[in-house]
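Q: Everything below, folded, please.
(one chain, ligands or ions: 1)
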Amino acid sequence: MRRSPLLAGLATAALLASSLPAAAQDAPDPNRMPPSQDPARTANGLAQTPQMGWNSWNRFACNVSEKLIRDTADALVASGMRDAGYRYVVIDDCWQGTRDADGFIQADATRFPSGIKALADYVHARGLKFGIYSDAGTKTCGGRPGSQGHEYQDALQYARWGVDYLKYDWCSTGTRNAEEAYATMADALKATGRPILFSMCEWGNNQPWLWARKIGNSWRTSGDITDKWSGKHGYSWGLTNIVDMNAPLWPHAGPGHWNDPDMLEVGNGGMTDVEYRSHFSLWAIMAAPLIAGNDVPNMTPATHEILTNREVIAVDQDALGVQGRRVWKDGDREVWAKPLAGGGRALVLFNRAEAPAEIRADWAMLEVPASVTFAVRDLWAHRDLGKRRGSIAATVAPHGVVMLALKP
Ligand code: GLA
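A: Model prediction:
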């Protein structure tokens, strides 16, 4: 009889648990090639464009509950966000209770009295996908049980619940080897037979962009974002600092494997709407995962307008799958460009200064001859600006952007 992948996973979990002490599972085998160099390894085929969804952490931190997730799922549908592309509803840290007598992870019964399976069913019934969070160490960053030594068992539990997405963090990992640790969970997810998007949250500590393209669908490139324009705030970074960490990594992104400059703060109140428009535009031009992190049922019209700007989302989701990059910088003035399928370009004219600035994008910055004509569209004004040859300039608000599409 052919065993189901789920049963095979369970057998592997039992085998691992019974035959190997926890420490032995972590040590890289010197005779084994690094997982990223194994020619037999294949990517899971998910996230051919950057994943889109919502995650509880930025707005609610550990204050998660089944009511919050249900209300958010309902609001994603009612607000049109689901139909604009936000498909994954992800519970971040602090959903976990303890492990049962057999070692299977259980939800915190106070916060999730109906259990995770019922919640996943609720989310799925609304045409959405369901995600969850764990950690490669002994404990999550919030101090809940991590997956170290329980990878196959946790993956199996998630698959039984109907999980479609795993964010996998890096707290309490001690001397673990990151490539081995993430590959182990990737293999465990694969063994379930269920397609589960794998979002790696290792903060860029071990340069995952160099080894993770067949292990995860995205990898964080920095410490945590905070809802501020700039600066370091404890372990977290302001928006512009995060942008500068993620930008140079553009060559490593592509369909199925994306740089992740962390989740969106749009609508969380620490920045102006002009700054949130810059945030959203820069994430889109960097082909970043667009994971909203706001209070969806109670968002303002301005937040809704930013998060559901389909012309900007289309830049992020463009089929060519190239991460845009900064092609020109002079002090606080920057030009960013992203090649689009069909020969077009998306541009962001970005003004970091406290005063308005004129910013000109020259075709030479795009490596396009000055004689070429593009039809130009303003993606925030939703207006065609007509045909332009050689360059285009705009006056850009302080901390603001002008975002354009150039069509051949
Ligand atoms: C880390 C991650 C965050 C969030 C928290 C949860 O800081 O980087 O995105 O998941 O842990 O505790």
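Q: For the residue positioned nearest the centre of the chain, which residues are in contact?
A: Using CA atoms, centre = their mean, the residue of the chain that lies closest to the mean C-alpha position is Pro289, 3.7 Å off. Taking CB atoms under 8 Å, 6 or more residues apart in numbering as the criterion, Pro289 is in contact with 47, 50-52, 199, 218, 258, 260, 263. Just so you know, the C-beta spots here come from the backbone N, C-alpha and C atoms, and that holds for glycine as well.
Q: could you redo the last one with a cut-off of 7 Å?
A: The contact partners of Pro289, by CB atoms under 7 Å, 6 or more residues apart in numbering, come to 50-51, 218, 258, 260.
Q: for those residues, which one is nearest the ligand?
A: Nearest to the ligand, judged by CB to the nearest ligand atom, of those is Asp260 at 9.9 Å.
Q: Pull the number of nearby residues for the closest one.
A: For Asp260, the neighbour count with other CB atoms under 10 Å is 27.
Q: Around the ligand, pick out the residues from this structure.
A: Proximity of the chain to the ligand, by CB under 6 Å from any ligand atom, involves residues 57, 92-93, 140-142, 169, 201, 224.
Q: Filter the residues you listed down to the ones in strands?
A: Judged by DSSP state E, the subset of the residues of the chain next to the ligand located in strands is 169, 224.
Q: Tell me the one of the residues of the chain next to the ligand nearest Gly269?
A: Gly269 lies nearest to Trp57 out of the residues of the chain next to the ligand, by CB to CB, at 15.4 Å.
Q: Buried subset of the contacts of Pro289, written for ChimeraX?
A: Selection of buried members from the contacts of Pro289 for ChimeraX, criterion 16 or more other CB atoms under 10 Å:
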select :50,51,218,258,260
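Q: Dump the contacts of Pro289 to a markdown table, plus pLDDT, secondary structure and distance to Ala393.
A: Formatted as a markdown table, the contacts of Pro289 follow (pLDDT from 0 to 100; DSSP: H, G, I helix; E, B strand; the rest coil; distance: CB to CB, whole Å):
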| residue | pLDDT | secondary structure | distance to Ala393 |
| --- | --- | --- | --- |
| Pro50 | 99 | coil | 29 |
| Gln51 | 99 | coil | 35 |
| Ser218 | 99 | strand | 34 |
| Trp258 | 99 | strand | 31 |
| Asp260 | 99 | strand | 32 |
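Q: hmm, back to that, of all the residues of the chain next to the ligand, which two lie farthest apart?
A: Most distant of the residues of the chain next to the ligand, by CB to CB, are Thr140 and Asp224, 13.9 Å apart.
Q: These two: which has the busier surroundings?
A: Thr140 (25 against 18).
Q: Where do the strands of the stretch 101-250 of the chain begin and end?
A: Secondary structure of the stretch 101-250 of the chain, counting by DSSP state E, counting those that start in this stretch: strands at 105-107, 129-135, 165-169, 197-200, 218-220, 224-225, 232-233, 236-237.
Q: Please look at Asp378 and Leu385 and confirm they touch.
A: Yes. Judged on CB atoms under 7 Å, Asp378 makes contact with Leu385 at a distance of 5.8 Å.
Q: Now Thr72: phi and psi?
A: phi -70, psi -40 (degrees, to the nearest 10).
Q: Pick the most buried one from the strands of the stretch 101-250 of the chain.
A: Across the strands of the stretch 101-250 of the chain, the average number of neighbours (mean count of other CB atoms under 10 Å) peaks for strand 218-220, which reaches a mean of 28.
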